[in-house]
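Novice: Sharing a model prediction with you, sequence too.
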Amino acid sequence: MELEKLSNGIPLPEHVTTEPRCTDEDVIALPRCHDSEATPEEHEEFLPQNQSQVIDFVGKTSLGMSIFNLSNTIMGSGILGLAYAMANTGIILFVILLTSIAALSAYSIHLLLRSATIVGIPAYEQLGNQAFGAWGKVLAACVITIYNIGSMSTYLFIVKSELPLVIGAFVGTTSTSGEWYLKGDYLIVIASLIIIMPLALMRQLGYLGYSSVLSLTCMVFFLISVIYKKFHVGCLVEDHNLTQPLTVMINSTSEDNVCEAKLITFNSRTAYAIPIMAFAFVCQPVVLPIYTELRKPTQKRMQRVANISVLAMFVMYLLTAAFGYLTFYDNVQSELLHTYKGDIADNLIVCVRLAVLMAVTLTVPVVIFPIRRALLQIFFADKPFSWVRHIVMPIVLLVFVNILVILVPNIKDIFGVIGATSAPTLIFILPGIFYIRIVPENLEPLNSRPKIQAACFAAVGFLLMVVSIFSIIMDWASGENQNIGGH
């Protein structure tokens, strides 16, 4: 939709040469009004306050609650797979990769916020529409949908595998006894109906901040427990202990070194490290919705939310990976909780499993929001808000994902592809090319430093995607494919 003037009659600034397309399914955000010399760096409000009559919930979410929401979106089941990634990269290489991906994720959010602030568009998919027209919008929506369906699947797989263990610990039996309440297939359906669906039907993402606080609290408890267990679990290989020195191991498969902490290591499973880390830091699809609901929404204020959230999750990821790895070394499994399988009757481990279950279950409704937004952008972009669509879409999504989790015994291969394709696309490729296309050339020429950086950023993402896919395919071909962790 072409707009020559803002709703208050003031013309668009001259430096914005790209015609904005501002249609959105439930958030109607017109371009900002500022004089011709204003720039995004001045941090004027993204959504004018006089738009409150259009969207009655714009600007009601506090800075702290927005941080909790974004942090909860970043944090996911990937925290269970990072110790496995460290085991297959070594401590030094892992820290370098994790730091790089965290910094690049924050930079990609900067590119999105800058692009969105210039043209006043509050949706990732609409930035695609602004940059490349309808096909760009469809591409962005499809990538977001595929990524989040994969993310939901990993969450519900955790519910399927861990909830029977928790219930069995409370009732004093195991899943082999045959009771229906110890079958994971039944339990994910019950959890979807009782917990996930009511939260997914909420219209305002900001209200889920309270469940985000609880979810993050559960994961902090998980981290504390991992640190505690590091000093109470001996090495699983006889004649080794937890005081082995740090060593540099390259392509080592010796059984004699399984309890030594490796500084750098390479093997066939190293190919999964980058997809796991990239998958763990994807939050870009919900950045703009959180931006629109932030109180006093400015680019500087939202960037602060993003930086704090990414830094907090980086610290949690690094500590969990380090202490999980230094507890089990080469024996760490793809999902860290499974490595404690010998401690099923341990009360602390039972509580940890319960905390993780609460965290991932409460994250699913937050994940549903960007999926629903993406589908609405594709099929109902010009339609007003409808409670029917708002209710039907999460129901269909949950039915589909439940069936997928029930029928597919192992999602490791699908997840490997999703982590190697959709994550680099959302973090690196699309933000970079959106920025190049959307920011006007009279404001930033193509040969300007910011646009050259954005082009290099997108190129790095494409290179990572190609290398990851090729490495995973080679691992499949070698027949050494291992179970890997999730987002």
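Specialist: Cool, got the structure.
Novice: what's whatever helix or strand residue 374 lives in packed up against?
Specialist: In the assignment (DSSP states H and E), residue 374 maps to helix 347-379. Here helix 347-379 touches helix 63-74, helix 124-132, helix 134-171, helix 197-200, helix 209-230, helix 284-293, helix 387-407, going by 3 or more C-beta pairs under 8 Å, 6 or more residues apart in numbering; DSSP states H and E. (Each C-beta comes from the backbone N, C-alpha and C, glycine too.)
Novice: Residue 86 is nearest to which of those helices?
Specialist: Closest to residue 86 of the helices and strands packed on helix 347-379 is helix 209-230 (C-beta to C-beta; 12.5 Å).
Novice: Can I get the helix or strand following the closest one in PDB, CA atoms only?
Specialist: As assigned by DSSP H and E, the chain's next helix or strand after helix 209-230 is helix 273-280. What follows is helix 273-280, C-alpha atoms only, in PDB (Å, rounded to 0.1, in the frame of the first residue of the first chain):
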ATOM      1  CA  ALA A 273      28.400 -27.200  16.600                       C
ATOM      2  CA  ILE A 274      27.700 -24.100  14.500                       C
ATOM      3  CA  PRO A 275      24.000 -25.100  13.700                       C
ATOM      4  CA  ILE A 276      23.400 -25.700  17.400                       C
ATOM      5  CA  MET A 277      24.900 -22.400  18.500                       C
ATOM      6  CA  ALA A 278      23.200 -20.400  15.700                       C
ATOM      7  CA  PHE A 279      19.800 -22.100  16.500                       C
ATOM      8  CA  ALA A 280      20.300 -21.200  20.100                       C
END
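Novice: re earlier: name the residues of the helix holding residue 374 that are buried.
Specialist: 349-378 (16 or more other C-beta atoms under 10 Å).
Novice: can you give me the offset of that helix from its chain's centre?
Specialist: 11 Å (C-alpha atoms, centre = their mean, to the nearest Å).
Novice: Tabulate the helices and strands packed on helix 347-379 (JSON lines), appending mean pLDDT.
Specialist: As requested, these are exported to JSON lines (pLDDT from 0 to 100):
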{"stretch": "helix 63-74", "mean pLDDT": "83"}
{"stretch": "helix 124-132", "mean pLDDT": "87"}
{"stretch": "helix 134-171", "mean pLDDT": "86"}
{"stretch": "helix 197-200", "mean pLDDT": "87"}
{"stretch": "helix 209-230", "mean pLDDT": "80"}
{"stretch": "helix 284-293", "mean pLDDT": "84"}
{"stretch": "helix 387-407", "mean pLDDT": "90"}
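Novice: Quick one: closest of those to residue 315.
Specialist: Nearest to residue 315, of the helices and strands packed on helix 347-379 and by C-beta to C-beta, is helix 209-230 at 9.3 Å.
Novice: From the contact counts, what lies against that closest one?
Specialist: helix 63-74, helix 299-328, helix 347-379.
Novice: With distance to residue 281 as extra columns, can I get these in a markdown table?
Specialist: Listed next are these as a markdown table, based on distance: least, C-beta to C-beta, whole Å:
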| stretch | distance to residue 281 |
| --- | --- |
| helix 63-74 | 6 |
| helix 299-328 | 7 |
| helix 347-379 | 15 |
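Novice: Residue 454: which of the ones you listed is closest?
Specialist: helix 299-328 (15.9 Å).
Novice: Which residues belonging to the closest one are considered buried?
Specialist: Those would be 299, 301-303, 305-306, 308-310, 312-314, 316-328, for helix 299-328 by 16+ other C-beta under 10 Å.
Novice: what angle separates that helix from helix 273-280?
Specialist: Counting by axes from the mean of the first three to the mean of the last three C-alpha atoms, to 10 degrees, helix 299-328 lies at 130 degrees to helix 273-280.
Novice: for helix 299-328, packing partners?
Specialist: Helix 299-328 packs on helix 63-74, helix 82-87, helix 91-119, helix 209-230, helix 284-293, going by 3+ C-beta pairs under 8 Å, 6+ apart.
Novice: Name the helix or strand of this protein that has the lowest mean pLDDT.
Specialist: helix 412-424 (a mean of 75; mean pLDDT, DSSP states H and E).
Novice: ok, residues contacting the very next helix or strand once past it?
Specialist: Once helix 412-424 ends, the next helix or strand along the chain (criterion: DSSP H and E) is helix 430-438. Identification of contacts with helix 430-438 by C-beta atoms under 8 Å, 6 or more residues apart in numbering yields 18, 108-109, 111-112, 114-115, 118-119, 124, 127-128, 130-132, 139-140, 143, 284, 446, 450-451, 454-455, 457-459, 461.
Novice: tell me what the helix or strand that comes right after helix 430-438 is packed against?
Specialist: The helix or strand immediately downstream of helix 430-438 is helix 449-478, counting by DSSP H and E. If you count contacts as 3+ C-beta pairs under 8 Å, 6+ apart, helix 449-478 packs onto helix 91-119, helix 273-280, helix 412-424, helix 430-438.
Novice: Quickly compare those and say which is most buried.
Specialist: helix 273-280 (a mean of 28; mean count of other C-beta atoms under 10 Å).
Novice: of the helices and strands packed on helix 299-328, which approaches residue 189 most closely?
Specialist: helix 209-230 (20.2 Å).
Novice: between that closest one and helix 63-74, how big is the angle?
Specialist: Using the same axes, to 10 degrees: helix 209-230 against helix 63-74 is 60 degrees.
Novice: got the angle for helix 209-230 vs helix 347-379?
Specialist: Going by the same axes, to 10 degrees, helix 209-230 makes 140 degrees with helix 347-379.
Novice: how far does helix 209-230 sit from the chain's center?
Specialist: Distance, centroid of helix 209-230 to centroid of chain: 17 Å (C-alpha atoms, centre = their mean).
Novice: In contact with the one residue sitting closest to the centre of the chain, which residues?
Specialist: Central residue of the chain (C-alpha atoms, centre = their mean): residue 282, 3.5 Å from the mean position. Listed by C-beta under 8 Å, 6+ apart, the contact partners of residue 282 are 74, 105, 147, 151, 422-423, 426-427, 487.
Novice: Distance-wise, check the closest residue to residue 155 other than its chain neighbours relative to residue 348.
Specialist: Closest residue to residue 155 in three dimensions, ignoring its sequence neighbours and counting by C-beta to C-beta, 6 or more residues apart in numbering: residue 360, at 4.2 Å. Distance of residue 360 to residue 348, computed by C-beta to C-beta, to the nearest Å: 19 Å.
Novice: try residue 60
Specialist: Taking C-beta to C-beta, one finds residue 60 at 39 Å from residue 348.
Novice: Would you work out how far apart the start and end of stretch 369-387 are?
Specialist: Taking C-alpha to C-alpha, to the nearest Å, stretch 369-387 runs 14 Å from one end to the other.
Novice: Pull the residues that contact it.
Specialist: Against stretch 369-387 from outside (C-beta under 8 Å, 6+ apart): 23-26, 123-126, 129, 137-138, 140-142, 144-145, 148-149, 152, 200, 205, 285-286, 289, 389-390, 393-394, 397.
Novice: do the same with stretch 388-402
Specialist: Contacts for stretch 388-402 (C-beta under 8 Å, 6+ apart): 149, 152-153, 156, 188-189, 192, 196-197, 200-201, 203, 368, 371-372, 375-376, 380, 383.
Novice: Mark which of those residues are buried, thanks.
Specialist: Applying 16+ other C-beta under 10 Å to those flags 149, 152-153, 156, 188-189, 192, 196-197, 200, 368, 371-372, 375-376 as buried.
Novice: Return the member of the residues you listed nearest to residue 168.
Specialist: Nearest member of the buried ones among the contacts of stretch 388-402 to residue 168, counting by C-beta to C-beta, is residue 188, at 15.9 Å.
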